[in-house]
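Undergrad: quick one, structure for this:
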Amino acid sequence: MRLLVYNIAYGTGCPGGEAKRLLTVHRYLRTSAFHFSQIVGLVYDLQPDVIGLVEADSGSWRTSGLSHPEKLAQLLSEEVLTVPKPDSKYGPTSFLSRMPYLKSQTNALLARSDSEEKKHYFPCGTKKLILERESDGITVFLVHLGLSRRVRVRQLDYLRELLPKGRPIVLAGDFNTFRGENAELAEFMRDTGLVNANTAHQATYPAWKPLKQLDYILVSPQIEVEHFEVIPVLYSDHLPLVADLKIAQ
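TA: The predicted model follows:
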(Lines give C-alpha, C1' and ligand atoms only; values in the text may rest on other atoms or scores of the structure.)
Protein backbone atom coordinates (compact mmCIF):
# COMPACT_ATOMS: atom_id res chain seq x y z
CA MET A 1 0.00 0.00 0.00
CA ARG A 2 1.39 3.36 -1.01
CA LEU A 3 0.30 6.17 1.32
CA LEU A 4 0.62 9.87 0.50
CA VAL A 5 0.10 12.38 3.33
CA TYR A 6 0.04 16.07 2.47
CA ASN A 7 -1.07 19.29 4.16
CA ILE A 8 -1.99 21.23 1.01
CA ALA A 9 -2.82 24.56 2.73
CA TYR A 10 -6.23 24.75 1.01
CA GLY A 11 -4.54 24.86 -2.39
CA THR A 12 -2.98 28.27 -1.75
CA GLY A 13 0.51 27.28 -2.85
CA CYS A 14 3.86 27.94 -1.20
CA PRO A 15 4.57 31.48 0.04
CA GLY A 16 8.33 30.89 -0.26
CA GLY A 17 9.27 32.61 3.00
CA GLU A 18 7.83 33.90 6.26
CA ALA A 19 8.09 37.51 5.09
CA LYS A 20 6.23 36.61 1.91
CA ARG A 21 3.22 35.20 3.78
CA LEU A 22 1.75 38.69 3.98
CA LEU A 23 2.08 39.01 0.21
CA THR A 24 0.19 35.76 -0.38
CA VAL A 25 -2.44 35.93 2.37
CA HIS A 26 -5.04 37.00 -0.20
CA ARG A 27 -4.92 33.45 -1.59
CA TYR A 28 -6.89 32.28 1.45
CA LEU A 29 -9.78 34.35 0.07
CA ARG A 30 -9.28 33.54 -3.61
CA THR A 31 -6.64 31.24 -5.05
CA SER A 32 -5.55 30.17 -8.50
CA ALA A 33 -6.33 26.62 -9.63
CA PHE A 34 -2.68 26.41 -10.69
CA HIS A 35 -1.52 25.58 -7.17
CA PHE A 36 -3.84 22.60 -6.86
CA SER A 37 -2.97 21.45 -10.38
CA GLN A 38 0.62 20.99 -9.21
CA ILE A 39 -0.62 18.70 -6.44
CA VAL A 40 -2.70 16.74 -8.95
CA GLY A 41 0.45 16.24 -11.05
CA LEU A 42 2.28 14.93 -8.00
CA VAL A 43 -0.50 12.42 -7.34
CA TYR A 44 -0.35 11.25 -10.95
CA ASP A 45 3.37 10.65 -10.61
CA LEU A 46 3.18 8.83 -7.27
CA GLN A 47 0.05 6.73 -7.92
CA PRO A 48 -0.81 6.27 -4.22
CA ASP A 49 -3.37 3.77 -2.96
CA VAL A 50 -4.39 6.02 -0.06
CA ILE A 51 -4.17 9.80 0.18
CA GLY A 52 -4.41 11.72 3.43
CA LEU A 53 -5.18 15.36 2.62
CA VAL A 54 -4.90 17.88 5.43
CA GLU A 55 -6.26 21.42 4.93
CA ALA A 56 -8.31 20.60 1.83
CA ASP A 57 -11.15 22.77 0.50
CA SER A 58 -14.44 21.01 -0.20
CA GLY A 59 -15.70 23.75 -2.53
CA SER A 60 -15.71 27.34 -1.26
CA TRP A 61 -15.57 30.69 -3.04
CA ARG A 62 -11.81 30.54 -2.48
CA THR A 63 -11.56 27.73 -5.07
CA SER A 64 -14.50 28.85 -7.23
CA GLY A 65 -16.49 25.91 -5.88
CA LEU A 66 -13.81 23.33 -6.70
CA SER A 67 -13.72 20.46 -4.20
CA HIS A 68 -10.17 19.21 -3.85
CA PRO A 69 -11.13 15.64 -2.82
CA GLU A 70 -13.80 15.28 -5.51
CA LYS A 71 -11.70 16.82 -8.29
CA LEU A 72 -8.79 14.58 -7.40
CA ALA A 73 -11.01 11.53 -7.80
CA GLN A 74 -12.30 12.78 -11.15
CA LEU A 75 -8.82 13.44 -12.47
CA LEU A 76 -7.76 9.93 -11.50
CA SER A 77 -10.68 8.58 -13.52
CA GLU A 78 -9.07 5.30 -14.58
CA GLU A 79 -8.84 4.21 -10.95
CA VAL A 80 -11.34 6.48 -9.27
CA LEU A 81 -10.75 7.11 -5.60
CA THR A 82 -13.75 6.61 -3.35
CA VAL A 83 -14.79 10.01 -2.00
CA PRO A 84 -17.42 10.36 0.74
CA LYS A 85 -18.97 13.76 1.34
CA PRO A 86 -16.37 15.86 3.19
CA ASP A 87 -17.22 17.16 6.65
CA SER A 88 -15.95 20.39 8.15
CA LYS A 89 -12.85 19.61 10.17
CA TYR A 90 -14.24 21.66 13.05
CA GLY A 91 -16.96 19.15 13.86
CA PRO A 92 -20.74 19.20 13.26
CA THR A 93 -21.57 21.12 16.45
CA SER A 94 -19.00 23.90 16.02
CA PHE A 95 -20.22 27.32 14.90
CA LEU A 96 -17.14 27.41 12.64
CA SER A 97 -18.67 24.64 10.53
CA ARG A 98 -21.45 27.05 9.53
CA MET A 99 -19.29 30.04 8.59
CA PRO A 100 -18.28 30.98 5.03
CA TYR A 101 -14.91 29.54 3.95
CA LEU A 102 -14.47 27.73 7.27
CA LYS A 103 -17.36 25.35 6.64
CA SER A 104 -15.52 24.14 3.52
CA GLN A 105 -12.20 23.59 5.28
CA THR A 106 -11.75 19.88 5.74
CA ASN A 107 -9.43 16.90 5.70
CA ALA A 108 -9.90 13.93 3.39
CA LEU A 109 -8.84 10.29 3.46
CA LEU A 110 -9.12 8.88 -0.06
CA ALA A 111 -8.63 5.23 -1.03
CA ARG A 112 -8.69 3.22 -4.22
CA SER A 113 -10.39 0.38 -2.36
CA ASP A 114 -14.13 0.67 -1.83
CA SER A 115 -13.92 0.80 1.95
CA GLU A 116 -16.17 2.53 4.44
CA GLU A 117 -14.91 5.77 5.95
CA LYS A 118 -15.50 6.30 9.66
CA LYS A 119 -15.47 9.67 11.36
CA HIS A 120 -14.51 10.45 14.94
CA TYR A 121 -14.16 13.77 16.72
CA PHE A 122 -11.72 14.99 19.33
CA PRO A 123 -13.48 16.21 22.49
CA CYS A 124 -11.20 19.27 22.60
CA GLY A 125 -9.48 21.70 20.27
CA THR A 126 -10.74 23.61 17.25
CA LYS A 127 -9.83 21.01 14.62
CA LYS A 128 -11.78 17.95 15.76
CA LEU A 129 -12.16 15.65 12.74
CA ILE A 130 -10.49 12.21 12.81
CA LEU A 131 -10.86 10.06 9.69
CA GLU A 132 -10.50 6.27 9.54
CA ARG A 133 -10.35 3.95 6.51
CA GLU A 134 -9.07 0.47 5.75
CA SER A 135 -6.98 -0.45 2.73
CA ASP A 136 -5.12 -3.71 2.04
CA GLY A 137 -5.77 -4.88 5.60
CA ILE A 138 -4.27 -1.73 7.11
CA THR A 139 -6.44 0.74 9.03
CA VAL A 140 -5.38 4.36 8.47
CA PHE A 141 -6.28 7.24 10.79
CA LEU A 142 -5.81 10.85 9.65
CA VAL A 143 -5.58 13.75 12.11
CA HIS A 144 -4.70 17.43 12.31
CA LEU A 145 -3.68 18.17 15.89
CA GLY A 146 -4.13 21.53 17.61
CA LEU A 147 -1.75 24.48 17.68
CA SER A 148 -1.83 24.56 21.49
CA ARG A 149 0.53 22.14 23.28
CA ARG A 150 -2.05 21.63 26.03
CA VAL A 151 -4.70 20.68 23.47
CA ARG A 152 -2.32 18.30 21.68
CA VAL A 153 -1.63 16.46 24.94
CA ARG A 154 -5.36 15.90 25.48
CA GLN A 155 -5.88 14.87 21.85
CA LEU A 156 -3.09 12.29 22.11
CA ASP A 157 -4.72 10.95 25.28
CA TYR A 158 -7.94 10.53 23.30
CA LEU A 159 -6.11 8.71 20.49
CA ARG A 160 -4.59 6.30 23.02
CA GLU A 161 -8.10 5.08 23.76
CA LEU A 162 -9.41 5.26 20.19
CA LEU A 163 -6.70 3.38 18.31
CA PRO A 164 -7.31 -0.39 18.15
CA LYS A 165 -4.77 -2.68 19.80
CA GLY A 166 -3.05 -5.60 18.10
CA ARG A 167 -4.01 -4.62 14.56
CA PRO A 168 -2.03 -3.15 11.65
CA ILE A 169 -2.74 0.57 11.89
CA VAL A 170 -1.30 3.86 10.66
CA LEU A 171 -1.72 7.21 12.36
CA ALA A 172 -0.85 10.05 10.00
CA GLY A 173 -1.33 13.76 9.45
CA ASP A 174 -0.14 17.15 10.63
CA PHE A 175 0.69 16.80 14.33
CA ASN A 176 1.94 20.40 14.86
CA THR A 177 4.73 19.10 17.11
CA PHE A 178 6.58 22.41 17.38
CA ARG A 179 8.60 21.14 20.36
CA GLY A 180 9.78 18.07 18.50
CA GLU A 181 9.04 14.35 18.43
CA ASN A 182 10.98 13.47 21.60
CA ALA A 183 9.27 16.14 23.68
CA GLU A 184 5.75 15.58 22.41
CA LEU A 185 5.36 12.05 21.03
CA ALA A 186 7.84 9.76 22.82
CA GLU A 187 5.46 8.75 25.62
CA PHE A 188 2.51 8.35 23.25
CA MET A 189 4.54 6.18 20.87
CA ARG A 190 5.82 4.04 23.74
CA ASP A 191 2.29 3.50 25.06
CA THR A 192 0.78 2.65 21.65
CA GLY A 193 3.74 0.80 20.13
CA LEU A 194 3.67 3.06 17.07
CA VAL A 195 6.95 3.95 15.37
CA ASN A 196 7.88 6.77 13.03
CA ALA A 197 8.21 5.75 9.38
CA ASN A 198 10.46 8.80 9.01
CA THR A 199 13.45 7.12 10.67
CA ALA A 200 15.82 9.89 9.53
CA HIS A 201 13.54 12.48 11.19
CA GLN A 202 13.52 14.67 8.10
CA ALA A 203 11.87 18.05 8.63
CA THR A 204 8.63 18.76 6.77
CA TYR A 205 8.00 22.44 7.54
CA PRO A 206 8.35 25.09 6.22
CA ALA A 207 8.64 23.68 2.72
CA TRP A 208 11.11 26.31 1.47
CA LYS A 209 13.53 25.77 4.38
CA PRO A 210 12.49 22.69 6.39
CA LEU A 211 13.32 23.06 10.08
CA LYS A 212 10.63 21.09 11.94
CA GLN A 213 9.00 17.69 11.58
CA LEU A 214 5.30 18.49 11.91
CA ASP A 215 3.90 15.83 9.58
CA TYR A 216 4.02 12.14 10.44
CA ILE A 217 3.29 8.61 9.35
CA LEU A 218 3.32 6.41 12.46
CA VAL A 219 2.94 2.66 12.00
CA SER A 220 2.15 -0.25 14.31
CA PRO A 221 4.57 -3.21 14.77
CA GLN A 222 2.53 -5.34 12.34
CA ILE A 223 3.53 -3.06 9.44
CA GLU A 224 6.77 -3.08 7.49
CA VAL A 225 7.92 0.19 5.89
CA GLU A 226 9.42 -0.71 2.52
CA HIS A 227 10.10 2.88 1.48
CA PHE A 228 9.66 6.35 2.97
CA GLU A 229 10.33 9.74 1.46
CA VAL A 230 9.78 13.42 2.21
CA ILE A 231 9.29 14.93 -1.24
CA PRO A 232 11.01 18.31 -1.85
CA VAL A 233 8.29 20.16 -3.78
CA LEU A 234 7.09 23.72 -3.17
CA TYR A 235 3.34 23.27 -3.70
CA SER A 236 2.33 24.15 -0.10
CA ASP A 237 3.97 25.43 3.07
CA HIS A 238 4.37 21.77 4.12
CA LEU A 239 6.24 18.97 2.36
CA PRO A 240 4.39 15.77 1.37
CA LEU A 241 5.23 12.34 2.79
CA VAL A 242 5.01 9.08 0.88
CA ALA A 243 5.44 5.58 2.30
CA ASP A 244 5.17 2.09 0.84
CA LEU A 245 3.73 -0.17 3.54
CA LYS A 246 2.86 -3.83 3.87
CA ILE A 247 1.74 -6.16 6.62
CA ALA A 248 4.82 -7.88 8.02
CA GLN A 249 5.02 -11.64 7.54
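
Undergrad: give me the helices and strands touching the helix-or-strand element of the chain with minimal mean pLDDT, please.
TA: In the chain, the helix or strand scored least confidently by mean pLDDT, DSSP states H and E is helix 68-75, which has a mean of 79. Helix 68-75 sits against helix 33-46, strand 50-57, strand 105-111, with contacts defined as 3 or more CB pairs under 8 Å, 6 or more residues apart in numbering; DSSP states H and E. Backbone N, C-alpha and C define where each C-beta goes, glycine included.

Undergrad: need those in JSON lines (columns: mean pLDDT, mean neighbour count and distance to D174).
TA: Formatted as JSON lines, those follow (pLDDT from 0 to 100; neighbours: other CB atoms under 10 Å; distance: least, CB to CB, whole Å):
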{"stretch": "helix 33-46", "mean pLDDT": "94", "mean neighbour count": "16", "distance to D174": "15"}
{"stretch": "strand 50-57", "mean pLDDT": "94", "mean neighbour count": "27", "distance to D174": "5"}
{"stretch": "strand 105-111", "mean pLDDT": "90", "mean neighbour count": "26", "distance to D174": "9"}
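
Undergrad: circling back to that earlier point, quick one: the least confident helix or strand of the chain to strand 50-57, angle?
TA: Helix 68-75 runs at 130 degrees relative to strand 50-57, counting by axes from the mean of the first three to the mean of the last three CA atoms, to 10 degrees.

Undergrad: of all the helices and strands packed on helix 68-75, which lies closest to L145?
TA: strand 50-57 (10.2 Å; CB to CB).

Undergrad: please list the outside residues in contact with the closest one.
TA: 1-11, 43, 63, 66-69, 72, 81, 86, 104-112, 131, 133, 135, 140, 142, 144, 172-174, 215, 238 (CB atoms under 8 Å, 6 or more residues apart in numbering).

Undergrad: strands of the chain, residue ranges please.
TA: All strands of the chain, identified by DSSP state E, fall at 2-7, 50-57, 105-111, 118-121, 129-135, 138-144, 169-174, 195-196, 215-219, 223-230, 241-247.
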